[in-house]
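Visitor: The following comprises the amino acid sequence and a computationally predicted model.
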Amino acid sequence: MYDAIIIGAGLSGLAAGIRLAHYEKRVCVLERHTTIGGLNSFYRLRGRNYDVGLHAVTNYTPKGTKRGPLARVLRQLRFSWDEFGLKQQNGSSIIFPSARLEFTNDLEVLRAEIARVFPSERDNFERMLAAIPDYEALPLDRADDSARAWVREFLREPLLVEMLFCPLMYYGSAREDDMDLAQFFIMFRSLFCEGFARPAEGVRPLMKLLTRRYKELGGELRLRAGVQRIVHDGGNAVGVELDDGTILEAKHVISSAGYVETMRLCGEANATTEQEAGRLGFVEACSVLDRRPTDIGIDRTIVFFSTEDQFHWRRPDELVDLRSGVLCMPTNFDFESPVDDGMVRTTALADFDAWRALPEPEYRAAKEAWYAKLAATSAQILGDFRPHVVDVDMFTPTTIVRYTGHAGGAIYGAPKKRYDGATFLQNLYLCGTDQGYVGIVGALVSGIAAANHRVLQAS
């Protein structure tokens, strides 16, 4: 009998496992696939390492900072700041046809940019900043309110509103055309008030650090151990059945699989439940360069762009929507050591159903065609890096389903978040994306919260 079974060896699942193992709970993390990471995994292809989800670690704060989500993660999981090995961004941009804003990990840069580009909004922006609550004071009774409506109470310039929402939505909104108010508060602080960083060698050493600590504390990790169903009786989860028929018993079950996916495992999915699945999927094209982007004049770390002043955030009507996207240059963080290869990662909205409907030969042809279109769009914004491309790879929403099981390939999960992590079973809890925390640090905070509030406090 385990004290807790955790479904999924991603960031939130491993964080929950570490936290419980610190208190000598008998914990087992189950992962269907052959490696750890979930939505933030990694792979090796043709001799090169690739990160699946990581563009940047948000919520960055400098060493010694006592407050904020990153400090909380380090304290609760008992890591030192140096163990995460984070390097800050060089600087990022939001580019629309009519305006451009620069920002860094120093909020004063964004303040100055808004005063320069939108001088009539300077005081309004300051009033909005003052009204954004701290993480500990989120108005969860209004969590699902429209963030756009709230922002329009302060800002009068539509273009500024669109420009601010572009990076916030790309890094954390599962809701079409809008954001939950709580998500807006979380993401605004994590991107603009704190900022971006990246482990020097990508997500791989971070995931291995978490796994090593979990195992050192006595936690059990089972790979190739997919959960077929969550066994429950009388309003309580009593364990899980694995794909091979093995039954494991537990006092608590924590699922990072997502709300809809967890209801399916419980045998409780119905038409209403399925309608709650997320609709927003993405493609990402990785262009490996024979040099660092800075060597060819590309000095930004991340660029958020829209080709129209009206930012569109919904599932597209075709395979990919090229009207907006994110361009990430992973080597354009403040790395001290030289990097052999450079890379441009281009992310854009995509239609899962359209990709899924393609037969295999057409699917492969579509990937090649859309890679070319994505690279061309990126080159128009950054400058033409394509003569320096030495290797490419690309994932689609169907790739996400294949390796994570997330319904519809929706990286940000269901639009409706369960901030308390509760389900219809008393001892089955959610952590991860559908609890409402996104990003690297957000996922870790989610797992910690599930362990603290749902298991440790019940002991």
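Guide: Yep, that arrived.
Visitor: Report the residue spans of the stretch 201-350 of the chain with pLDDT below the cut-off.
Guide: 271, 335-340 (pLDDT under 70).
Visitor: what about the strands in it?
Guide: Along the stretch 201-350 of the chain, the segments classed as strands by DSSP state E, counting those that start in this stretch run 220-222, 227-233, 236-242, 247-255, 281-289, 302-306, 320-328, 342-350.
Visitor: count of residues packed around the spatially closest residue to Phe96 that is not a sequence neighbour?
Guide: Of all residues not flanking Phe96 in the chain, Ser306 sits nearest, at 5.1 Å (C-beta to C-beta, 6 or more residues apart in numbering). (Each C-beta comes from the backbone N, C-alpha and C, glycine too.) Neighbours of Ser306 under the rule other C-beta atoms under 10 Å: 20.
Visitor: Next, work out how far apart Ser306 and Ala366 are.
Guide: The gap separating Ser306 from Ala366 is 24 Å, by C-beta to C-beta, to the nearest Å.
Visitor: Kindly report the same for Leu248.
Guide: For Leu248, the distance to Ala366 - C-beta to C-beta - is 41 Å.
Visitor: same thing with Phe424?
Guide: Applying C-beta to C-beta to Phe424 and Ala366 gives a distance of 40 Å.
Visitor: Between those two, point out the one with more neighbours.
Guide: Ala366 (17 against 10).
Visitor: Moving C-terminal from the one helix or strand the more buried one maps to, which element do we reach first?
Guide: Assigned by DSSP states H and E, Ala366 belongs to helix 360-382. Sequence-wise, the next helix or strand downstream of helix 360-382 (DSSP H and E) is strand 389-395.
Visitor: which other helices and strands contact that next one?
Guide: strand 281-289, helix 360-382 (3 or more C-beta pairs under 8 Å, 6 or more residues apart in numbering; DSSP states H and E).
Visitor: okay, those, which one's buried deepest?
Guide: strand 281-289 (a mean of 24; mean count of other C-beta atoms under 10 Å).
Visitor: can I assume Asp309 is in contact with Ile95?
Guide: No: in this structure Asp309 lies outside contact range of Ile95 using C-beta atoms under 8 Å: 11.3 Å.
Visitor: neighbour count winner among these two?
Guide: Ile95 (19 against 13).
Visitor: list the contacts for the residue nearest to the more buried one when sequence neighbours are not counted?
Guide: Closest residue in space to Ile95, ignoring its immediate chain neighbours: Phe305 at 4.5 Å, by C-beta to C-beta, 6+ apart. By C-beta atoms under 8 Å, 6 or more residues apart in numbering, the contact set of Phe305 is Ile94, Ile95, Phe96, Cys166, Ser324, Gly325, Val326, Leu327, Ile381.
Visitor: 7 Å - rerun?
Guide: By C-beta atoms under 7 Å, 6 or more residues apart in numbering, the contact set of Phe305 is Ile95, Ser324, Gly325, Leu327, Ile381.
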